[in-house]
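Peer 1: Need coordinates for the below:
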Amino acid sequence: MTQQTFQTEVSQLLHLIVHSLYSQKE
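Peer 2: The predicted structure follows:
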């Protein structure tokens, strides 16, 4: 796994986590 692929995966995960947390707040 390349560094760029890792960063992309992490970014997607963070986006999902933030979205789920934001949704729970509503």
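
Peer 1: per-residue pLDDT, residue 3?
Peer 2: In this prediction, residue 3 carries a pLDDT score of 95.

Peer 1: need the helices for the protein, in chain order.
Peer 2: 3-25 (DSSP state H).

Peer 1: give me the low-pLDDT residue ranges for it?
Peer 2: Within the chain, no stretch has pLDDT under 70.

Peer 1: go again using 90 as the cut-off
Peer 2: 1, 24-26 (pLDDT under 90).

Peer 1: what about residue 24, how many neighbours?
Peer 2: The local packing of residue 24 (other CB atoms under 10 Å) involves 7 other residues. All C-beta atoms are positioned from the backbone trio N, CA, C, and that covers glycine.

Peer 1: Kindly provide the distance from it to residue 16.
Peer 2: 13 Å (CB to CB, to the nearest Å).

Peer 1: just residue 5 next, same as before
Peer 2: 17 Å.

Peer 1: Then residue 26?
Peer 2: 16 Å.

Peer 1: which of those two has more neighbours?
Peer 2: residue 16 (10 against 4).

Peer 1: For the more buried one, give me its contacts.
Peer 2: The contact partners of residue 16, taken as CB atoms under 8 Å, 6 or more residues apart in numbering, number zero.

Peer 1: same check, this time on residue 21
Peer 2: Neighbours of residue 21 in contact, by CB under 8 Å, 6+ apart: none.

Peer 1: ok, now how distant is it from residue 14?
Peer 2: 11 Å.

Peer 1: what's the burial count for residue 2?
Peer 2: With other CB under 10 Å as criterion, residue 2 counts 7.

Peer 1: Dihedrals phi and psi, it?
Peer 2: phi -80, psi 170 (degrees, to the nearest 10).

Peer 1: Which residues are in contact with it?
Peer 2: Residue 2 neighbours (CB under 8 Å, 6+ apart): none.

Peer 1: where's it relative to residue 25, distance?
Peer 2: According to CB to CB, residue 2 and residue 25 sit 35 Å apart.
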